[in-house]
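Participant: Could you work out the structure for the sequence below:
(one chain, ligands or ions: 1)
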Amino acid sequence: METAPDDFSRPGTEAVSVAAGDLATAWARIRGRLRQEVGDVEYRTWLRQMTLGGIEDGTALVSLPTRFLRDWVRDHYGDRLRLLVQAEMPGLRGVELRVASARPATAEAAAPAAEMPLAESLLAPPAPPVPAMPAAAAGNGAGGNEWVAPLDPRYTFDTFVVGKPNEFAHACARRVAEAPAVAGFNPLFLYGGVGLGKTHLMHAIAWALREGNPQLPVAYMSAEKFMYRFIAALRSHNTTEFKTQLRSVQVLMVDDLQFLIGKDNTQEEFFHTFNALIDAGKQIILSADKAPTDLSGIEDRLRTRLSAGIVADLHATTYELRLSILQAKAHDAGVEIPPRVLELLARKIASNVRDLEGALNRIVAHAQLFGRPITLETAPEVLADILRSHDRKLSIDDIQRKVAEHYNMRLTEMASARRSRAVARPRQVAMFLSKQLTQRSLPEIGRKFGNRDHTTVLHAVNKVTELMEADAAFAEEVTLIRKMLET
Ligand SMILES: Nc1ncnc2c1ncn2[C@@H]1O[C@H](COP(=O)(O)OP(=O)(O)OP(=O)(O)O)[C@@H](O)[C@H]1O
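Facilitator: As a prediction, the model looks like this:
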């Protein structure tokens, strides 16, 4: 059994009439989406206390308990919140953020939240960033665009940082943006783990296409939205209009396709839409968390068609890519963050870019709140919970890399047979730290250092201990490297 559709009544010009149950469901979905987009940490820090007080004059009234939180949410999430609200409740003019005690969405949806003088409006800009749909796609005046998700203005090619893990996906996306529906690139199927940039790339393609031709009918939506709209069309016996709308676009983008797993009717409809568009020479761009071949629960015939164009993987980020992303985002935010702090984040938060952004936002907020620049000493404190949740075990590779970097020697020397002092001493330091900072046994450590014997490792550990006792400067140096590895 598939989930019930979101069936908000059509908006009037001034008021939007939404039943209490629908309002609560829509609000829950908006919050869920925000949480998914910004990550758990950021969501808990800034957005959890947000409540929907109701709708008044076509504006959603959202409350936060303090002025600081209200301002923060307005400045950092205001646009996003407005776009999500408008996507869920088409016809709303905007969102008003207030400082007020919590008040849930109720049957008296039109009742305002406790009035406060600090209300701020996030009204829609004059030309909302929604891809154009042609008259045919707009149906018979029922508001054509409202089932197409708005594009995020931040997600363009300009703001997408390219590195080894995403260069292929990025190149494919660029190619499709330059020349849609070229054989071999249709469909474009982007896949990868959570928060690695699939949605960002899809929006970037849509923005680029729009820039080239503002009239080009491009439709972007999540697979979830596709399903809700399809079920709503079924319920209102209006599937013809649904199909006509979809089939009149030139480019169709459907995000998070894994959502269709096990939803047989929706999959069937999607399959037909897909075939109709491809046969008509339209471009399709899809994303999922797995490659088509690994999407179990998707019918074989659909799976085969999904792989028929180009399949591009967004790989897990590397340290270098994470650092470049942080540098770019700090630069865009106009804040100076010491390189060491960015390196710390890039090293410690290896899961996905969304969490990385969350940590960076926290640092920026902290610096702005207290008017003090963040330092390598204060960053671990400010980010304690985030760092704890990303705590990862140090590996011998990490240690070798850091020691090689410190002594300005090539990483390969760690495993080489050379015995000159310039490489032998740093190698001994790396062996010593590997014994101190990992759970690896002496033979295991030896293997990582060019298959050396465990007695060589033991000798290195003893030698470094001895030298540290005899030479304060050397002891300080080793302690410093250790500290850098541990923060
Ligand atoms: N290479 C990159 N350069 C700049 N920002 C990036 C990059 N990759 C990801 N991001 C940012 O990380 C956040 C998460 O990316 P996005 O939403 O595109 O991930 P996703 O792969 O669609 O995740 P999900 O599987 O959760 O839908 C976004 O804010 C996005 O701008």
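Participant: give the contact list for the closest residue to Leu442 other than its chain neighbours.
Facilitator: Excluding its sequence neighbours, the residue lying closest to Leu442 (C-beta to C-beta, 6 or more residues apart in numbering) is His454, at 3.8 Å. (Glycine included, C-beta is placed from N, CA and C.) With contact set as C-beta atoms under 8 Å, 6 or more residues apart in numbering, His454 has these partners: 441-443, 445-446.
Participant: so which of these comes closest to the ligand?
Facilitator: Here the nearest of the contacts of His454 to the ligand, counting by C-beta to the nearest ligand atom, is Ile445; it sits at 35.2 Å.
Participant: ok, how many other residues are close to the closest one?
Facilitator: In terms of burial, Ile445 registers 25 neighbours under the definition other C-beta atoms under 10 Å.
Participant: before we move on, the earlier item: and the residue nearest to Leu442, how close does it get to Ser441?
Facilitator: 8 Å (C-beta to C-beta, to the nearest Å).
Participant: same question, Glu96
Facilitator: When distances are taken as C-beta to C-beta, Glu96 and Ser441 turn out to be 62 Å apart.
Participant: what does Lys198 give?
Facilitator: Using C-beta to C-beta, which is the criterion applied here, Lys198 is 41 Å from Ser441.
Participant: quick one: which of these two has more around it?
Facilitator: Between Lys198 and Ser441, counted using other C-beta under 10 Å, the more crowded position is Lys198 (24 against 12).
Participant: The nearest residue to the more buried one once chain neighbours are set aside: which element?
Facilitator: Among residues not flanking Lys198 along the chain, Ser287 sits closest, at 4.0 Å (C-beta to C-beta, 6+ apart). For Ser287, the element it lies in under DSSP states H and E is strand 283-288.
Participant: List the contacts of that strand.
Facilitator: Contact with strand 283-288 is made by 176, 180-181, 185-191, 198-199, 201-202, 205, 250-258, 274, 277-278, 295, 306, 309, as judged by C-beta under 8 Å, 6+ apart.
Participant: Report the buried residues of the next helix or strand after that strand.
Facilitator: Per DSSP H and E, strand 283-288 leads on to helix 300-306 as the next helix or strand towards the C-terminus. Buried residues in helix 300-306, counting neighbours by 16 or more other C-beta atoms under 10 Å, are found at 302-303, 305-306.
Participant: doesn't Thr455 fall inside a helix?
Facilitator: Yes. According to DSSP: H, G, I helix; E, B strand; the rest coil, Thr455 belongs to a helix.
Participant: Closest residue of the stretch 51-200 of the chain to the ligand?
Facilitator: Closest point on the stretch 51-200 of the chain to the ligand, by C-beta to the nearest ligand atom, is Gly197, at 2.9 Å.
Participant: tell me which parts of the stretch 251-400 of the chain are close to the ligand?
Facilitator: Within the stretch 251-400 of the chain, the positions near the ligand by C-beta under 6 Å from any ligand atom are 256, 289, 325, 353-354, 357.
Participant: returning to what we had before: just give the number of residues close to the residue nearest to Lys198.
Facilitator: By the other C-beta under 10 Å criterion, the neighbourhood of Ser287 contains 25 residues.
Participant: gap between it and Ala149?
Facilitator: Looking at Ser287 against Ala149, where the rule is C-beta to C-beta, the gap reads 13 Å.
Participant: same thing with Arg74?
Facilitator: 22 Å.
Participant: what does Leu209 give?
Facilitator: In this structure, Leu209 lies at 15 Å from Ala149, with C-beta to C-beta as the measure.
Participant: Looking at these two, which has the bigger crowd around it?
Facilitator: The residue with more neighbours, out of Leu209 and Ala149, is Ala149; 25 against 22, by other C-beta under 10 Å.
Participant: so what's Ser395 closest to, chain neighbours aside?
Facilitator: Thr438 (7.0 Å).
Participant: So which bits of the stretch 51-200 of the chain are right by the ligand?
Facilitator: Selection of the stretch 51-200 of the chain residues close to the ligand by C-beta under 6 Å from any ligand atom yields 155, 159-161, 166, 192, 194-200.
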